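Q: Have a look; sequence and predicted model below, questions after that.
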Amino acid sequence: MLFTGRLVINTVRRAITPKRAVNLQRNVSTLPLVSNTRPVQLFNYNIKETPSVASISEHVSHLRPFSAPSAPQPLSTPLTQVQEQFELTSVLRKRRLKMNKHKHKKLRKRTRALRKRLGK
């Protein structure tokens, strides 16, 4: 990846420019004074060394060109043969069929009980 001048300048500017410090110290506190102050690590800015053009060009010279894999060979067996397979039933369809069977059995039981009560 080649770095443009604007990208490098913006990266360095962001790293050098200090962020606004927020006062975390409370007016009245029962906590010790050390816990109310900001850690010193937040003020240590680490400016990363920007890679030089020579190191980038050296890295690019070691890269190998991409070679795409060969295309797959076509199948020689004809696909027109009839193959016996299992018919897969979806889980939702199985549940729906089971519920319909359950409802039908309930309806038959209810009507049978009703006929017995009516004396037929």
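A: Happy to help now that I have it. Numbering: from 1, shown residues only.

Q: Please report the distance of residue 89 from residue 95.
A: For residue 89, the distance to residue 95 equals 10 Å [C-beta to C-beta, to the nearest Å]. For glycine as for every other residue, the C-beta is placed from the backbone atoms N, C-alpha and C.

Q: nope, residue 108 is what I meant
A: Note on residue 108: its distance to residue 95, by C-beta to C-beta, is 21 Å.

Q: One more: residue 66?
A: For residue 66, the distance to residue 95 - C-beta to C-beta - is 49 Å.

Q: Look at those two and report which has more neighbours.
A: Higher neighbour count among residue 66 and residue 95: residue 95, with 10 against 5, using other C-beta atoms under 10 Å.

Q: and the next element down the chain from the helix or strand of the chain with the lowest mean pLDDT?
A: Lowest on mean pLDDT, DSSP states H and E among the helices and strands of the chain sits helix 33-36, with a mean of 52. Note on helix 33-36: by DSSP states H and E, the next helix or strand toward the C-terminus is helix 53-62.

Q: which is the next helix or strand following that next one?
A: helix 91-118.
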